[in-house]
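Novice: Take this sequence and fold it.
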Amino acid sequence: MNLISYNENKLPIEDLETIGLAAGGQLLLNVDDLKALLSGRRTGLMQLHNLQAENIHIKTLDAKISLAPDENGKLDLLIHPVYRKAVTPSFLEDNEAELLQKGEVENFQKITIDDKGNKKELLVEYDADTREFIVSDTDKILAPDMVNGEFLTPAQKENYRKGKQVELPDHTVFNYSGKDTHGIRSNKIALIASILIDGGLSYVLYKGLNALFNKKRDAKEAEKLSPGYHNAVKDMQNQQRQAIPQVGRTDRAEEQSR
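Specialist: Numbers count the residues shown, from 1 in each chain. All right, here's what the predicted structure looks like:
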């Protein structure tokens, strides 16, 4: 799950204009790519134009982009080009790398030791678009507290952080994916996730989700969304309405009192 991490007003517009993804201060990104950027994920593969660095000019380049804050909190634009050959992480066995590249497995969980001697669990995936291994720290993967109005058990949350599939009583199946534009895949085209923050619920509505790894889905079945999903959407909409100031109602009350 990815709550919105960055403010759209803080995007590096000048950098985006330089590569043809903004013009006149206006973004030229589709909705899914913008959501991916603001949520700290990578966009889909796109064609960038007129890249320049150290006297090198690249007319066009197929790449994905993402954002990362610098030491001062300013957002830097990161470009992930299509590599000629994937560089295998040192902690990944050759046969594991081969299975990922062939698309025979979705991910691997690996335990490594950091510079301070602490164990760290990593989720490793392969992005065939850019020929790059995507590595996620499982401790930093945010698991939802609820999906479609159903509370997840501690075991389900742990499975989610490890990239494993989680199934709900309404037969919605989903799992985390660091290489997916949405950050989550499912057997359904949509789901709504919630997380408890300061005693309240924050909602994230996912639509147009990609299918589960190496699994075809029936379009009609994928579009059948459960009562739990629809109820969660209503709860989200009610929360949004309550957050809107009742300006018009206040004005009318003032007029009547005059």
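Novice: contacting residues for residue 146?
Specialist: Contacts for residue 146 (Cβ atoms under 8 Å, 6 or more residues apart in numbering) come out as 152, 193, 194, 195, 201, 232. Any C-beta I mention is one placed from the backbone N, CA and C, and that applies to glycine too.
Novice: which one of those residues is nearest residue 114?
Specialist: Set against residue 114, the nearest of the contacts of residue 146 by Cβ to Cβ is residue 195 (26.7 Å).
Novice: Show me what whichever helix or strand the closest one is part of is packed against.
Specialist: Using DSSP states H and E, residue 195 falls within strand 190-197. Strand 190-197 sits against strand 146-147, strand 200-207, helix 227-243, with contacts defined as 3 or more Cβ pairs under 8 Å, 6 or more residues apart in numbering; DSSP states H and E.
Novice: And the ones you listed: which comes nearest residue 116?
Specialist: Ranking those by their distance to residue 116 (criterion: Cβ to Cβ) puts strand 200-207 first, at 32.3 Å.
Novice: Who does that closest one pair with, and is each partner parallel or antiparallel?
Specialist: strand 190-197 (antiparallel) (DSSP bridges).
Novice: How far away from the center of its chain is the partner strand?
Specialist: Offset of strand 190-197 from its chain centre (Cα atoms, centre = their mean, to the nearest Å): 13 Å.
Novice: for the record, mean pLDDT for it?
Specialist: For strand 190-197, mean pLDDT rounds to 93.
Novice: Send me it as PDB with only the CA atoms.
Specialist: Provided in PDB are the C-alpha atoms of strand 190-197 (Å, rounded to 0.1, in the frame of the first residue of the first chain):
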ATOM      1  CA  ALA A 190     -10.300  -2.500  -8.200                       C
ATOM      2  CA  LEU A 191     -10.000  -2.600  -4.400                       C
ATOM      3  CA  ILE A 192     -10.000  -0.100  -1.600                       C
ATOM      4  CA  ALA A 193      -7.400  -0.200   1.200                       C
ATOM      5  CA  SER A 194      -7.400   1.600   4.500                       C
ATOM      6  CA  ILE A 195      -4.800   2.300   7.100                       C
ATOM      7  CA  LEU A 196      -5.300   3.500  10.700                       C
ATOM      8  CA  ILE A 197      -3.600   6.900  11.300                       C
END
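Novice: Identify each buried residue in that strand, please.
Specialist: 190, 191, 192, 193, 194, 195 (16 or more other Cβ atoms under 10 Å).
Novice: Break this protein down into its structural domains.
Specialist: Per the record, the chain has its domains at 8-81, 94-138, 146-241, by automatic domain parsing.
Novice: Just put those domains in a markdown table and tack on distance to residue 87.
Specialist: Formatted as a markdown table, the domains of the chain follow (distance: least, Cβ to Cβ, whole Å):
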| stretch | distance to residue 87 |
| --- | --- |
| domain 8-81 | 13 |
| domain 94-138 | 7 |
| domain 146-241 | 16 |
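Novice: which stretch among the helices and strands packed on strand 190-197 comes nearest residue 55?
Specialist: strand 200-207 (43.1 Å).
Novice: measure stretch 63-79 end to end?
Specialist: End-to-end distance of stretch 63-79: 7 Å, with Cα to Cα, to the nearest Å as the criterion.
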